[in-house]
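K.L.:
Could you look at this predicted model? Sequence included:
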Amino acid sequence: MIEPKRLAKRVLLIGWDAADWKLIDKYLAEGAMPNMRRFLDRGARGNLATLKPILSPMLWNSIGTGKRAYKHGIHGFTEPMPDGKGVRPSSSTTRKCKALWNILTQEGMTTNVVSWFVGHPAEPINGICISDLFQKVPLDKKNPQHCALPSLSDGCIFPESQREKLSKLRVHPLEVTAEAIKFFIPQATKIDQEKDPRLKVFAKLYAEMLSVHNAATYAIQQNDWDFMGVYYDSIDHFGHGFMEYHPPRMAHISEKDFEIYRDVIAACYKFHDLMLGRLMELAGEDTTLILCSDHGYHCDHLRPRETPKEPGGPAIWHRDQGIIAMAGPGIKKGEKIYGANLLDIAPTILNLLGLPAGEDMDGKPIAHVIGDQWWHPPRLISSWEDVPGEAGMHPKHEQQDPFATREALRQLVELGYIEEPDENLEKAARDASREANYNLARACHDGGLLAKAAGHLERLYRDSPEQTRFGIELARVYLKQGRFEETRSVAEGLLTMIEKRNLTKVKQLNEALRKIDEQPGEVIATAREQREKRHRKQLDTERAKIRKEKREARNIEPLTSLDNEEFLAQRRRQLQKTVDKIRHYNVRAAPTVCLLLGRLEAMDGNYKKALTYLGKAEHAEPRLPGLHLQLAQTYLRMRRNNEAVRACEKALEIDPDNAQAHEVLAAVLARLKRHDEAADHALSAVELIHNMPRAHLRLGATLARLGLYEKAVEAFQTCLKLAPNTPAAHRYLAMIYRTKLGLRDLSSTHSFKLKMLQDQNRMGRNPAAEPENSPSSHPKPVLNTVAISSKPGLWGDQSEVITIVTGLPRSGTSMMMQMLVAGGLPPLIDGIREADTSNPKGYYEYDKAKQLGSDAGWISEGKGKVVKIVAPLLPLLPSKIDGTPAHYRI
């Protein structure tokens, strides 16, 4: 066997946190990003799907390792101190597996890593490593105008011999020039800096961005490296600071603020283009370049009106699709990158450098854009963790500089990603542990480890029932597990709790409003007292700081007189606005929970009840993600086609790039025999998310109805490439090849494959259910290997056989139960669900069957009987009963 060749002399990986094609394409069209244009003209580009939760420290470590968070061990922004007393930013010593730079160090290659998220302390790799604390320069509180750089924190630089030179490359916020400021904020002179801190925020972000870039351009010239990774957090940080001022103006932003800060985001992207150009120049034409982001960033009408006041709340601004672009040796020019997610970056880089990926990596190489027709990827190895040798990783007991830790924590608080750590160190550690476990649960959910996710969330919700986010995530996991009754119980409990809590808030606010009307003097007296108390505290704090920091006193403005009428009017407006907001958002219904219950009822066939919940969600939050798509899917099942069309159109009005909405709309239009329009929307779906087998299947079926058989064949073949065991695609191809194209051999091939799949389905061993409609789809649960037959008499002892009636809700399962019972087969039922007008002869249900996902201990009761189990729960059937193989007849 020929050894795979090394495609790239060296690879430069550039990370732009939160970069988004929506804005890049806009600035490309304007000619404002010429270096990006030059990059793209010689390479490939596409979307890069993110993972959940969309939190950068977890995501960039998945990019660096090719593994999900539950494997690499970074579970958020912070973690408890090793002694359980206090909190620190997540540390490189916590990562449980080798990153790219460790693998390459082990293989004798030279690597440079600059400012990688969760990169402190710097790792002792074969090359230069600069931690993400390098660029953090706190302002001197004793002398705010002093711009001397403090010493670098211990552990920022490896090797230590580079410390002195790199230290001089940092930029202090007070060194930012007026010319630089005007590039981002042309009207900066209009800012009153005594009252408006945003210019200082900008200067700090700008200085940190320059420090990272200075370090990168230094490191790139210091050695003959094989791999270099540099991470810029600036697009994300500028976004959290200034995206709400980006055109078009958001309703809550004043005209004045909009005019001053509207250009910051555009300037940020243009400046990144300049930095990209310099890196490309220094790297040279013989370097393979990869540019990626961990997620996108809402920049248009999808920008949230408010940011949740909870840990990780700013992630609401993050979009599911990031960017990826590749160029240089080993990359196919002009290719479109499709079906990629951020787990694929590390395996791809290993292949470019002639090394195999590990079987334990969750990603795969993006093989369709690398190499040539003669190239083949290196054979997988089981795990790089098993390969011995020095990999440049830290001893686990490595400690951090507490002062550097404090500065990094402060910035996370300022950005809104974490709450101010509690002064009680042990409580702060518990809080950090709770958040890490919540993020771990969400990562398990996203990775398909539903049982583990449920276990974490059950403990979290039990210990903190006031945290509705824990309950909502638990209900989502239960729903995916098919634990419908538990889903309903959790969701309905959440609704009750939310409504009760907010009714109490409304009552308190109404009481405050009543006092303004009936006891204005008391309200004003209380307000004066509170203002004076705050002012005294401010003065006391300032005096203490003067003594501690040995500096001159700052001017604290004296209290002004209170305009009684103006104060009361303003107070009334604030209270009434809060009351209206609570009533609108939560008292009638908590929209997220209602959407969840609507989805549950639709899955259970209770469409009218589903629409009731979905209607409540729409009334409370009409732009809730996923709401109109769920409405469309529900209307589609009810055959209310025109309403399904309107719901899809509403979903696409909110987000034109919603691939699932395009696919569902194609299905509805095909049912209405509007095949040309259906084909357009199916095509839009596959262009937005190529790795979406159902959309290719839909496109093929629509093209076949239009008589475009050769194009239909292409669509079905793509579907099978993505999901090889899709019966409908084989059925269509067999028919088209036989009756339309006269290719009987190919028709026979697909007919044979279709029959094999049908036989496997009958035996309960369908090996490839269609993947989810997402490039970052969850792995499907592995079906239990159980003996299943569709024919009677396969086993001699029929008393050991459990007969199962299955299907979707409202598909005739009750009638089938009646027929089998009439034929003499005893049923396993409990009579809890009573007969009604829909089923006057009864439902023939056994309530425990609904809890198959959490409790299968009852299954032995079904031996020799017939029991009804809904189709989504079939994969959860146990393979053994009391230690012996189970026998089922479907």
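P.N.:
Thanks, I have the structure now. Numbering: from 1, shown residues only.
K.L.:
what's next to stretch 814-829, contact-wise?
P.N.:
For stretch 814-829, contacts defined as Cβ atoms under 8 Å, 6 or more residues apart in numbering pick out 803, 805, 807, 839, 841-846, 861-862, 864-868. Bear in mind the C-beta positions are built from the backbone N, C-alpha and C, glycine included.
K.L.:
Can you flag the buried ones in these?
P.N.:
In these, burial by neighbour count holds for 803, 805, 839, 842-846, 862, 865-868, counting by 16 or more other Cβ atoms under 10 Å.
K.L.:
From the contacts of stretch 814-829, which land in strands?
P.N.:
Of the contacts of stretch 814-829, the ones assigned to strands by DSSP state E are 803, 805, 866, 867, 868.
K.L.:
Which members of the residues you listed are the farthest-apart pair?
P.N.:
Greatest spatial distance among the ones in strands among the contacts of stretch 814-829 (Cβ to Cβ): 803 and 868, at 10.1 Å.
K.L.:
Report pLDDT for residue 772.
P.N.:
On pLDDT, residue 772 comes in at 39.
K.L.:
And for residue 45?
P.N.:
pLDDT, residue 45: 96.
K.L.:
so it makes contact with residue 336?
P.N.:
Yes: if you go by Cβ atoms under 8 Å, residue 45 and residue 336 touch, sitting 7.1 Å apart.
K.L.:
Those two: which is more packed in?
P.N.:
Neighbour totals were compared for residue 45 and residue 336, and residue 45 leads with 22 against 13 (other Cβ atoms under 10 Å).
K.L.:
Could you find the closest non-adjacent residue to that one?
P.N.:
Nearest residue to residue 45 in three dimensions, chain neighbours excluded: residue 325, at 4.5 Å (Cβ to Cβ, 6 or more residues apart in numbering).
K.L.:
which stretch of helix or strand covers the one you found?
P.N.:
Assigned by DSSP states H and E, residue 325 belongs to strand 321-327.
K.L.:
From residue 372, how far off is residue 215?
P.N.:
Between residue 215 and residue 372 the distance is 35 Å, computed by Cβ to Cβ, to the nearest Å.
K.L.:
Looking at these two, which is more packed in?
P.N.:
Each of residue 215 and residue 372 has its neighbours counted (other Cβ under 10 Å); residue 215 has more, 23 against 9.
K.L.:
Would you mind writing the CA trace of the host helix or strand of that one as CSV?
P.N.:
Under the criterion DSSP H and E, the helix or strand holding residue 215 is helix 198-219. The C-alpha atoms that make up helix 198-219 are tabulated as CSV, following Å, rounded to 0.1, in the frame of the first residue of the first chain:
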residue,chain,number,x,y,z
ARG,A,198,-17.8,53.0,25.5
LEU,A,199,-14.8,54.7,24.0
LYS,A,200,-12.6,53.2,26.8
VAL,A,201,-14.2,49.8,26.0
PHE,A,202,-13.3,50.3,22.4
ALA,A,203,-9.7,51.3,23.2
LYS,A,204,-9.2,48.2,25.3
LEU,A,205,-10.6,45.8,22.7
TYR,A,206,-8.5,47.5,20.0
ALA,A,207,-5.3,47.3,22.0
GLU,A,208,-5.9,43.6,22.8
MET,A,209,-6.5,42.9,19.1
LEU,A,210,-3.3,44.6,18.1
SER,A,211,-1.3,42.8,20.8
VAL,A,212,-2.5,39.4,19.4
HIS,A,213,-1.7,40.4,15.9
ASN,A,214,1.8,41.7,16.9
ALA,A,215,2.5,38.4,18.6
ALA,A,216,1.3,36.4,15.6
THR,A,217,3.4,38.4,13.1
TYR,A,218,6.4,38.0,15.4
ALA,A,219,6.0,34.2,15.9
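K.L.:
List of residues touching the helix or strand just after that helix?
P.N.:
Downstream of helix 198-219, the first helix or strand assigned by DSSP H and E is strand 227-232. The contact list for strand 227-232 (Cβ under 8 Å, 6+ apart) reads 10-17, 60, 64, 100-101, 104, 109-117, 119, 132, 209, 212-213, 216, 219-220, 272, 275, 279, 349, 353.
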